[in-house]
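Student: no FASTA, just this:
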């Protein structure tokens with residue numbers, strides 16, 4: 001390298017080259033193609049684009065400042081200091097691209113044949129699953145995508161993104177193996193539950209209440225506290241879709257015995273064997289019916305506890321002994337965000353009693369179009385209950401779910417085209433008994449129009 005090719009000269013050109021590459025990154029609205037029914041909601045797409053544009057603008061601003069510094073006072077700085085400032089900018093550059101890739105997967109999947117529209121419908125279902133009868137928080141935009149692992153996940157809104165900045169959208173990832181059929185509702189609403197619990201500050205409130213019980217059984221109550229985030233998400237799912245949530249959980253954790261009887265460690269999930277029994281017990285407390293005890297017996301027969309190591313068996317027995325009291329604490333909690341109401345009262349849906357769900361399913365058999373008028377979580381609950389009661393085959397359920405989810409996507413796209421805010425966004429779920437279909441007509445999914 002000749003004398004005129006100094007460190008500032010080299011670093012300036014590296015910076016300019018980096019900014020040139022950054023300028024080639026285009027907004028998603030200019031490069032992704034999908035049918036309208038598969039598109040993200042305007043709020044979700046706007047939030048993502050604005051966040052990414054702001055990040056790229058910040059990198060460009062920092063890059064121009066670095067160039068100006070290298071040409072000015074930085075020219076006399078040590079090469080090591082010049083390089084330190086350059087690699088600091090380079091890390092910000094890669095963080096901006098990393099965030100683009102994170103959201104790119106979400107947007108790109110909308111162009112997949114069939115899956116794109118189904119994801120659009122799941123966006124609608126997730127947004128509705130986040131709503132409560134009374135408005136306790138402003139619902140954030142939601143975007144669903146697929147992942148190829150067992151179990152779902154969520155990157156909650158306003159959590160820190162890799163490289164910095166707050167996530168503008170609740171990103172829910174659904175296992176591909178559950179598209180579309182039995183268990184998809186359980187995975188979806190569980191992940192929604194994580195977002196809802198965070199917006200209400202439920203985990204912090206419950207941990208504080210559980211801390212006072214550690215002196216009477218330090219090991220068990222410490223574990224309930226450690227697992228509370230996942231338990232709250234399970235509670236949300238059970239309260240919104242009933243026994244379909246527990247059946248979906250069983251499908252998820254039906255793995256080798258070594259996993260099902262996994263000793264507690266740093267994993268935030270309860271021991272899978274115990275988690276299913278807890279799900280049944282919570283369901284029975286919310287919506288009392290012998291079906292929960294029957295399902296628990298089936299689960300215990302699938303994975304007999306005989307043969308489990310004595311120390312783990314002892315711990316499980318202790319946890320089962322405290323489970324009724326724990327559920328009472330859980331459902332009786334009065335977090336400040338609920339204005340004095342208990343968590344159980346807020347989440348319990350009077351329409352999800354077994355008999356009411358089966359009556360509705362029989363009504364839908366006689367008048368199939370009425371199914372399209374129900375909120376997504378109620379539709380999930382009815383179909384899950386029908387399947388649990390032997391009235392709906394897995395094959396038929398898959399077909400009904402597919403048509404419903406596509407219908408939600410189409411209805412949402414048409415609402416957006418009309419300039420409406422979109423299905424269920426900001427609209428309370430109407431919980432009535434008996435059902436008032438006329439009231440739901442304003443948010444109805446006209447499934448027959450999509451056939």
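Tutor: The structure has been received and is ready for your questions. Bear in mind that the values here come from a model prediction, so they are computed numbers and not experimental data.
Student: CA only for contacts and neighbour counts going forward, please
Tutor: OK.
Student: helix or strand: which one has residue 250?
Tutor: helix 243-253 (DSSP states H and E).
Student: please disregard the earlier target; I meant residue 306.
Tutor: In the assignment (DSSP H and E), residue 306 maps to no helix and no strand.
Student: can you give me the strands for this structure?
Tutor: Here the chain has its strands, by DSSP state E, at 142-147, 153-155, 170-175.
Student: indicate which one of those is closest to residue 208.
Tutor: Taking CA to CA, strand 153-155 is the member of the strands of the chain nearest to residue 208, at 24.4 Å.
Student: show me what the closest one is packed up against.
Tutor: Judged by 3 or more CA pairs under 8 Å, 6 or more residues apart in numbering; DSSP states H and E, strand 153-155 is in contact with strand 170-175, helix 184-200.
Student: what is the burial count for the closest residue in space to residue 254 that isn't next to it in sequence?
Tutor: Nearest-residue entry for residue 254: residue 260, 7.3 Å, with adjacent residues in sequence omitted and distances by CA to CA, 6 or more residues apart in numbering. Residues near residue 260, counting by other CA atoms under 10 Å, number 17.
Student: surely residue 380 and residue 185 touch.
Tutor: Yes. With contact defined as CA atoms under 8 Å, residue 380 reaches residue 185; the gap is 6.3 Å.
Student: run through the stretch 301-450 of the chain and note the low-pLDDT ranges.
Tutor: The model of the stretch 301-450 of the chain has pLDDT under 70 over residues 420-450.
Student: please redo it, this time with the cut-off set to 50
Tutor: 422-450 (pLDDT under 50).
Student: the helices in it, which residues?
Tutor: For the stretch 301-450 of the chain, applying DSSP state H, counting those that start in this stretch gives helices covering 310-332, 343-347, 354-366, 376-388, 394-417, 437-440.
Student: state the distance from the residue nearest to residue 254 to residue 230.
Tutor: 16 Å (CA to CA, to the nearest Å).
Student: what's around the closest residue to residue 115 other than its chain neighbours, how many residues?
Tutor: Spatial nearest neighbour of residue 115, excluding adjacent residues (CA to CA, 6+ apart): residue 109 at 7.3 Å. Counted with other CA under 10 Å, the neighbours of residue 109 add up to 20.
Student: next one, pLDDT for residue 109 please.
Tutor: Looking at residue 109, its pLDDT reads 91.
Student: go ahead and confirm it touches residue 118.
Tutor: No. The criterion here is CA under 8 Å, and residue 109 misses it with residue 118 at 10.4 Å.
Student: do you know the pLDDT at the closest residue to residue 161 other than its chain neighbours?
Tutor: In this structure, residue 161 finds its nearest non-sequential neighbour in residue 167, 5.8 Å apart by CA to CA, 6+ apart. Looking at residue 167, its pLDDT stands at 93.
Student: check residue 246 too.
Tutor: Per-residue pLDDT puts residue 246 at 97.
Student: pick out the residue nearest the middle of this structure.
Tutor: Compute the mean C-alpha point of the chain, and by CA atoms, centre = their mean the closest residue is residue 191, 2.9 Å away.
Student: residues touching that residue, list them.
Tutor: Applying CA atoms under 8 Å, 6 or more residues apart in numbering to residue 191 gives the contacts 152, 153, 154, 172, 233.
Student: which pair of those spans the longest distance?
Tutor: Farthest pair in the contacts of residue 191 (CA to CA) is 172 and 233. Separation: 13.2 Å.
Student: please enumerate the shared neighbours of the two.
Tutor: Shared contacts of residue 172 and residue 233 (CA under 8 Å, 6+ apart): 191, 192.
Student: looking at those two, which is more packed in?
Tutor: With neighbours defined as other CA under 10 Å, residue 172 and residue 233 compare such that residue 172 has more, 26 against 21.
Student: relative to residue 320, how far out is the more buried one?
Tutor: According to CA to CA, residue 172 stands 31 Å off from residue 320.
Student: what values do phi and psi take at the residue nearest to residue 251 when sequence neighbours are not counted?
Tutor: Nearest residue to residue 251, sequence neighbours excluded (CA to CA, 6+ apart): residue 183, at 7.1 Å. Reported as degrees, to the nearest 10, the phi and psi values for residue 183 are phi 100, psi -20.
Student: need the pLDDT of residue 183.
Tutor: If you check residue 183, the pLDDT there is 84.
Student: in CSV: the helices and strands packed on strand 153-155, plus distance to residue 418.
Tutor: Putting the helices and strands packed on strand 153-155 into CSV (distance: least, CA to CA, whole Å) gives the following:
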stretch, distance to residue 418
strand 170-175, 25
helix 184-200, 27
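Student: hmm, back to that, and residue 354, which of the strands of the chain is closest to it?
Tutor: Each of these has some distance to residue 354 by CA to CA; the shortest is strand 170-175, at 27.0 Å.
Student: what's that closest one packed up against?
Tutor: With 3+ CA pairs under 8 Å, 6+ apart as the test, strand 170-175 has strand 142-147, strand 153-155, helix 184-200 packed against it.
Student: distance between the longest one and the chain's centre?
Tutor: Computed by CA atoms, centre = their mean, to the nearest Å, the chain-centroid distance of helix 184-200 equals 5 Å.
Student: can you give me the angle it makes with helix 243-253?
Tutor: Angle of helix 184-200 versus helix 243-253, following axes from the mean of the first three to the mean of the last three CA atoms, to 10 degrees, is 100 degrees.
Student: residue 82 - how many residues pack around it?
Tutor: 20.
Student: what sits against it?
Tutor: Applying CA under 8 Å, 6+ apart, we find residue 82 in contact with 7, 8, 11, 70, 74.
Student: can you select the buried ones from these in ChimeraX?
Tutor: Applying 16 or more other CA atoms under 10 Å to these, the buried members can be selected in ChimeraX as follows:
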select :8,11,70,74
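Student: turn the contacts of residue 82 into CSV, including distance to residue 209 and pLDDT.
Tutor: Output for the contacts of residue 82, formatted as CSV (distance: CA to CA, whole Å; pLDDT from 0 to 100):
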residue, distance to residue 209, pLDDT
7, 60, 90
8, 59, 89
11, 56, 91
70, 57, 93
74, 56, 92
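Student: distance-wise, check residue 384 relative to residue 91.
Tutor: In terms of CA to CA, residue 384 sits 48 Å off from residue 91.
Student: same question for residue 201.
Tutor: Applying CA to CA, the value for residue 201 to residue 91 is 33 Å.
Student: check residue 221 too.
Tutor: Going from residue 221 to residue 91 by CA to CA gives 43 Å.
Student: the more surrounded of those two?
Tutor: A count of neighbours by other CA under 10 Å puts residue 221 above the other of residue 221 and residue 91, at 23 against 13.
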